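Peer 1: the following comprises the amino acid sequence and a computationally predicted model.
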Amino acid sequence: MLRVTSLSSYYGKIRALKNVSLHIKPKEFVSLIGSNGAGKTTLLNSIMGHIQKKEGEIYFNNTDITNLKPEKIVNLGIGFVPEGRRIFTDMTVEENLEMGAFIIKNKDKIKENLEFLFDIFPILKERRKQQAGMLSGGEQQMLAISRALMSSPKILLMDEPSMGLAPKVITELYEKLSLLKNAGLTIFLVEQNAKIALKYSDRSYVLENGRIILQGKSSELLQDNELLRAYLGKEYKEKWER
């Protein structure tokens, strides 16, 4: 479904990604782990067309999207949840979700998507008329994910979904992602929290200094104590939101 081949991405003259190659099959849950500054966000931004200076190829469902603009990439069926959620805090929960459906013209489909997501995230249905900025950190992340899913993407890309959240909330969030995966959604996320990503994903890649240095089944990588010690994150701190 998604294939990245020999991708190098640049910020000016600085090469942030170095010949990165990976693939994601339909209905897979794939994670990319690595410490802070490894290039994880750069990879997602390259796929989404936010970084134009790059070499290599990016294909989605056999379509070359390497040099496409972000809006065209979204229209092809790639949903994106950026780091930090970036919800519209002054709008209600429901208004945020409606904003996510801007490419859907069929009102019945929008209603169908809304009801599906309310089934997955019942707290959002309960608070649909509440201002989004009043939600807890975990609820805001659920809203950010749901907003991206309102456009009916074929694959969902997420950047650090567990950032700033308490362990209990992180587990709840990943359980919801598992439900979405079981419903047929393809998921590709980047995480600094290696342990949780490896626990729930099917396969994983390890990124270090802009290069893929390891890949394999997540269940096997989860048994590698040295890997966890190195990539659970030197920047990890016991600080989170509800």
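Peer 2: Here it is on my side, so go on. Residues are numbered from 1 along each chain as shown.

Peer 1: going forward, measure contacts and count neighbours with C-alpha atoms only.
Peer 2: OK.

Peer 1: hey, what's the residue nearest in space to the middle of the chain bridged with?
Peer 2: Using C-alpha atoms, centre = their mean, the residue of the chain that lies closest to the mean C-alpha position is Met158, 0.9 Å off. Beta-bridge partners for Met158, by DSSP bridges, are Val81, Leu189.

Peer 1: what about it, distance to Thr92?
Peer 2: 22 Å (C-alpha to C-alpha, to the nearest Å).

Peer 1: rewinding a little: give me the pLDDT value at the residue nearest to the centre of the chain.
Peer 2: pLDDT, Met158: 95.

Peer 1: my read is that it contacts Leu177, right?
Peer 2: No: between Met158 and Leu177 there is no contact under C-alpha atoms under 8 Å: 10.8 Å.

Peer 1: Lys18 touches Ser8, doesn't it?
Peer 2: Yes: between Lys18 and Ser8 there is a contact under C-alpha under 8 Å: 4.7 Å.

Peer 1: got any residues that touch both of these two?
Peer 2: The overlap between the contact sets of Lys18 and Ser8 (C-alpha atoms under 8 Å, 6 or more residues apart in numbering) is empty.

Peer 1: show me where pLDDT drops low in this structure?
Peer 2: 228-242 (pLDDT under 70).

Peer 1: what about the strands in it?
Peer 2: According to DSSP state E, the chain carries its strands in the segments 2-11, 14-24, 29-33, 54-60, 63-64, 78-81, 155-159, 186-191, 203-208, 211-217.
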